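Chemist: have a look at this fold, sequence not included:
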């Protein structure tokens, strides 16, 4: 059984609206799937269970370094190497992008700023979770739990790191290697990027809902735009943004691993028992979104 949603003509969307559209398409079919509904518990029991998993998931992610094996240090080493490489070219990258800022459409820059704002992020993640709670949909509830816990875990880490490291923002004019730990001033809160952390966290979680590499690529593209626009705005260095994306990835993967133990509905690529597929089509001025139940 298939459902086709069409959007005719053209439109512009701010950051929150664009994320809401992505979430709508990713969960539209799921929320209508009766198989995914669970009415064996009360809504209050579901809520308390989920909130417990939010805090336990955060704790699980923070405790992972204690259990790292030798193989786990390979991606950590690659991340550190990539960050150091970008650090070496931070001035060149930021200066090069800043020179071409006028060529970037304002809607892209505005999206980058508003999509990463914490109030917009939590408004969206809360809406996703409540939709799953009220429709009694475990898969959507789990997605909301993953969104809320990942955003909270990464948000706390990036705020702590900003204060502890005290790296000067590009716009401050001190250069890439100027640091003032616990500087307090907004000019010394470049590392890492909160906008990049929150939006890539969302993108990685949404992308998990799909099998198509093309759809995943589109979602990740939407997710990395805010981090790049922050470089254009001279608010962060390229190395800040890269490490922010890596932080988001590792935290989401850790919490998702924990949630595999707590929920029967899974959507991880390697353990996915798909109940349907979603595809996009384009013809002239019409965008079509097709969700097929299996």
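Modeler: Sure thing, it's come through. All values derive from a computational prediction rather than experimental measurement. Numbers count the residues shown, from 1 in each chain.

Chemist: so where's the chain uncertain?
Modeler: Residues of the chain that meet the criterion pLDDT under 70 lie in 1-39, 267-294.

Chemist: tell me where it has strands.
Modeler: Shown for the chain, the strands assigned by DSSP state E span residues 2-8, 276-283, 286-293.

Chemist: OK, contacts around the closest residue to residue 201 other than its chain neighbours?
Modeler: Nearest residue to residue 201 in three dimensions, chain neighbours excluded: residue 248, at 4.3 Å (CB to CB, 6 or more residues apart in numbering). C-beta: built from backbone N, CA, C; applies to glycine. Contacts for residue 248 (CB atoms under 8 Å, 6 or more residues apart in numbering) come out as 150, 154, 196-198, 200-201, 204.

Chemist: and the contacts of stretch 62-70?
Modeler: Counting by CB under 8 Å, 6+ apart, 76, 153, 250, 254 sit against stretch 62-70.

Chemist: max-length helix in the protein?
Modeler: The longest helix of the chain (DSSP state H) is helix 138-165.

Chemist: what about residue 101, how many residues nearby?
Modeler: 13 (other CB atoms under 10 Å).

Chemist: ok, residue 43 next?
Modeler: 11.

Chemist: ok, it to residue 136 distance?
Modeler: From residue 43 across to residue 136, the span is 7 Å (CB to CB, to the nearest Å).

Chemist: just residue 178 next, same as before
Modeler: Residue 178 is 53 Å from residue 136, by CB to CB.

Chemist: now swap in residue 216 and tell me
Modeler: 28 Å.

Chemist: and for residue 152?
Modeler: Distance from residue 152 to residue 136, by CB to CB: 24 Å.

Chemist: isn't residue 101 up against residue 230?
Modeler: No. When contacts are counted by CB atoms under 8 Å, residue 101 is not listed as touching residue 230 (11.7 Å).

Chemist: could you give the number of residues near residue 139?
Modeler: 23.

Chemist: isn't it right next to residue 132, touching?
Modeler: Yes. If you go by CB under 8 Å, residue 139 and residue 132 touch, sitting 7.4 Å apart.

Chemist: between the two, what contacts are shared?
Modeler: Counting by CB under 8 Å, 6+ apart, nothing touches both residue 139 and residue 132.

Chemist: which residues touch residue 189?
Modeler: 162-163, 166-167, 169, 183.

Chemist: what's the answer for residue 226, then?
Modeler: 15, 111-113, 115-116, 195-196, 199.

Chemist: what's the burial count for the closest residue to residue 82 other than its chain neighbours?
Modeler: Nearest non-adjacent residue to residue 82, counting by CB to CB, 6+ apart: residue 242, 6.0 Å away. Number of residues near residue 242 (other CB under 10 Å) recorded here: 20.

Chemist: residue 45 too?
Modeler: 10.

Chemist: my read: residue 159 touches residue 197, true?
Modeler: No. Here residue 159 lies out of contact with residue 197, judged by CB under 8 Å, at a distance of 9.7 Å.

Chemist: looking at these two, which one has more neighbours?
Modeler: Neighbours per residue (other CB under 10 Å) separate residue 159 from residue 197, with residue 197 holding more: 31 against 15.
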